[in-house]
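> only geometry, no sequence info:
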């Protein structure tokens with residue numbers, strides 16, 4: 001029975017063998033015929049080595065047998081079972097160890113391969129520190145085209161205006177008259193804003209007149225410079241520095257405008273050189289408000305950039321930049337604050353551009369339907385335009401009040417006729433030109449008022465602009481429009497010297513445009529003629545440079561030969577050559593030391609339009625109220641005072657001055673000789689209640705008695 005059972009059991013499949021361990025051997029039944037134990041894998045692995053258990057079936061069957069015979073059999077069975085349990089675990093561990101070793105060897109091989117290829121790979125990018133980032137940012141800033149253009153503009157201005165910066169605290173360009181007035185203007189604006197801005201328009205000159213700061217163009221936009229330093233020397237130094245800077249701004253503004261419109265760098269440099277250093281500008285060396293035109297070109301460039309517009313590429317909505325548009329409006333408002341002599345025509349040009357642009361947008365909307373403009377850009381234009389208009393209105397209010405108080409301040413048609421240049425004037429150079437000044441002497445003397453009639457923009461510029469009508473990067477229609485602009489602006493600049501006496505023309509604007517009747521010098525519209533000629537010339541030179549580049553395509557390397565590059569710069573050099581100056585730089589008379597110790601209101605004798613400009617400059621430290629004053633016009637009361645005090649000190653003149661509130665009269669010993677006021681040096685003051693004090697440089701008369709109200 002036992003044998004049969006054993007055979008049957010041996011034929012049955014071993015259900016304890018795990019599928020994942022195919023090599024696990026079947027366990028035989030032990031000698032007593034008991035079936036083998038059926039352990040589960042997790043439990044067997046966690047138990048200790050097998051031990052015989054009391055009361056087992058094997059011991060029952062073999063109970064009569066001697067202990068020596070049964071124990072070896074039981075031990076052998078247990079050993080077999082233990083080996084059967086342990087062998088799969090050992091085999092699995094061996095296989096896992098072999099696989100791990102194989103994977104380690106493969107990983108080591110791959111690492112060696114990676115190291116071999118890494119030798120040929122580019123180095124990883126190092127994260128720069130703050131110092132490296134700052135240094136790179138500064139380098140990018142100074143390498144940017146606009147930075148280089150600005151630095152070049154400054155260097156060029158210092159060279160082209162030399163010797164302005166040679167003795168900047170002692171000399172002044174052109175003459176010692178109008179420039180000293182403008183030096184006072186900048187000083188006064190800074191002083192008023194720092195001390196009492198409510199009195200800005202009531203300057204210390206022309207006492208007791210109101211709004212005397214609005215008697216001429218103010219240069220108010222330069223007030224930040226006027227806030228630096230005080231006194232006579234500071235005023236002269238300030239003027240000379242600003243004089244150089246305004247030339248730099250004119251070059252830079254025209255350069256960036258031409259670049260924005262689509263011109264190349266060389267062509268833009270021609271436009272900048274023409275706009276900043278045209279020969280006609282040398283005649284205006286004593287009129288800073290006329291030379292301050294850089295804001296015009298810069299504002300137009302910023303507005304064009306903000307609207308994504310250029311002549312070469314048209315309107316590009318994807319390039320709209322509302323902040324640039326805002327900056328353009330701000331610069332335009334600043335330009336307006338420098339004075340209406342140049343600012344008023346600029347304001348009307350801006351209005352004309354706005355109207356034409358609006359019409360073109362409406363036409364485009366009708367023809368092509370809606371097109372992108374942008375809400376941000378619309379808001380920028382809305383508020384920027386309102387700010388520009390607000391500055392214009394605020395600037396105009398005191399001038400309108402002055403015109404109301406002094407109706408004779410309006411320029412008459414006869415005065416406009418006096419300063420209107422003939423067409424011939426556009427070919428005549430001023431005497432300050434180093435190239436053409438001497439050779440044009442005879443032609444210049446044939447002009448009735450040559451300082452305002454020598455309007456030569458430059459013969460080289462004429463030639464380049466003419467070439468631009470034929471060969472240019474601009475389209476034919478654009479060239480025609482630019483040429484028409486040149487003709488119209490030159491026609492208006494001629495004032496009454498055209499057919500019909502300026503009607504139609506300049507006098508038409510005089511008749512109908514508000515404020516135009518305050519402009520007496522039509523020739524200054526040559527500013528716009530020069531700018532348009534410069535843009536035409538920029539188109540021609542840009543086309544020339546592009547042709548030179550195209551010719552060099554087959555070269556190795558494919559760029560123009562250095563000599564060819566230099567050749568393309570010849571137009572720039574020639575335009576600058578015509579702008580070389582021979583401007584005198586006289587020494588400005590220093591103030592008499594005693595004048596600084598006198599308190600106002602005062603009258604300084606001798607008094608006239610030009611000498612009073614010196615007196616105004618001399619008092620830029622204390623800004624004591626003075627009856628003296630020089631400006632674009634002379635109030636009637638000032639003329640009456642000058643006439644009455646020619647006999648000072650006498651009863652009539654002393655009474656008049658007391659009624660005006662004047663406390664002191666100062667007679668300048670070094671300047672009064674040969675003038676109608678010379679008698680004041682020796683005249684008696686007996687019975688006039690006037691105190692006389694002799695000093696080395698002046699005679700001071702202190703008016704006693706009660707003074708009247710200046711109003």
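Nice, thanks for sending it over. These numbers were taken from a predicted model, which means no experiment stands behind them. Numbers count the residues shown, from 1 in each chain.
> how about stretch 667-676: buried residues?
Residues of stretch 667-676 classed as buried under the neighbour-count rule (16 or more other C-beta atoms under 10 Å) are 667-669, 671-672, 675-676. Glycine gets a C-beta too; all of them are placed from N, C-alpha and C.
> Likewise for stretch 624-632?
Neighbour-count burial for stretch 624-632, counted by 16+ other C-beta under 10 Å, picks out 624-631.
> ok, residues contacting that stretch?
Stretch 624-632 has contacts (C-beta atoms under 8 Å, 6 or more residues apart in numbering) with 177, 181, 204-209, 212, 215-217, 409, 598-604, 607, 609-613, 615-616, 619, 638, 641, 657, 660, 662.
> Any stretches of the chain with poor pLDDT?
Along the chain, segments meeting pLDDT under 70 span 1-94, 96-98, 104-125, 553-558, 705-711.
> Domains of it: list them as residue ranges, please.
If you go by automatic domain parsing, the domain ranges for the chain are 1-46+71-94, 145-578, 593-703.
> would a markdown table of the ones you listed with distance to residue 132 be doable?
Shown next, in a markdown table, are the domains of the chain (distance: least, C-beta to C-beta, whole Å):
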| stretch | distance to residue 132 |
| --- | --- |
| domain 1-46+71-94 | 55 |
| domain 145-578 | 20 |
| domain 593-703 | 49 |
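> still on that earlier bit, quick one: mark the members of the buried residues of stretch 624-632 that sit in helices.
Among these, none falls in helices (DSSP state H).
> Including distance to residue 388, could these go into JSON lines?
Shown next, in JSON lines, are the buried residues of stretch 624-632 (distance: C-beta to C-beta, whole Å):
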{"residue": "624", "distance to residue 388": "37"}
{"residue": "625", "distance to residue 388": "34"}
{"residue": "626", "distance to residue 388": "35"}
{"residue": "627", "distance to residue 388": "37"}
{"residue": "628", "distance to residue 388": "36"}
{"residue": "629", "distance to residue 388": "31"}
{"residue": "630", "distance to residue 388": "31"}
{"residue": "631", "distance to residue 388": "26"}
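> closest to residue 437 among these?
Using C-beta to C-beta, residue 630 is the member of the buried residues of stretch 624-632 that lies nearest residue 437, at 27.4 Å.
> What's the separation between that closest one and residue 215?
9 Å (C-beta to C-beta, to the nearest Å).
> Equivalent analysis for residue 537, please.
39 Å.
> Looking at these two now, which is surrounded by more residues?
Shown here are residue 537 and residue 215; by other C-beta atoms under 10 Å, residue 537 has more neighbours (31 against 25).
> Show me which positions of the host helix or strand of that one end up buried.
Per DSSP states H and E: residue 537 is located in helix 526-551. For helix 526-551, the neighbour count (16+ other C-beta under 10 Å) marks 526-545, 548-549 as buried.
> Narrow the buried residues of stretch 667-676 to those in helices?
669, 671-672.
> Quick one: distance of stretch 568-583 to the chain centre.
With C-alpha atoms, centre = their mean, to the nearest Å as the basis, stretch 568-583 stands 25 Å off its chain's centre.
> Give me the distance between the two termini of that stretch.
From its first residue to its last, stretch 568-583 covers 30 Å (C-alpha to C-alpha, to the nearest Å).
> Would you map the helices across the stretch 151-300 of the chain?
178-195, 223-226, 232-261, 265-277, 288-291, 294-306 (DSSP state H, counting those that start in this stretch).
> list the buried ones in the longest one?
So the one you mean is helix 232-261. Buried positions in helix 232-261, judged by neighbour count with 16+ other C-beta under 10 Å: 232-240, 242-261.
> Just the angle for that helix relative to helix 294-306, thanks.
30 degrees (axes from the mean of the first three to the mean of the last three C-alpha atoms, to 10 degrees).
> Counting by contacts, list what the helix holding residue 537 packs against.
Using 3 or more C-beta pairs under 8 Å, 6 or more residues apart in numbering; DSSP states H and E, the elements in contact with helix 526-551 are helix 232-261, helix 265-277, helix 294-306, helix 340-368, helix 459-470, helix 476-493, helix 562-568, helix 570-578.
> Which strands or helices does the first one pack on?
Of the remaining helices and strands, those touching helix 232-261 by 3+ C-beta pairs under 8 Å, 6+ apart are helix 145-160, helix 178-195, helix 223-226, helix 265-277, helix 288-291, helix 294-306, helix 526-551, helix 611-618.
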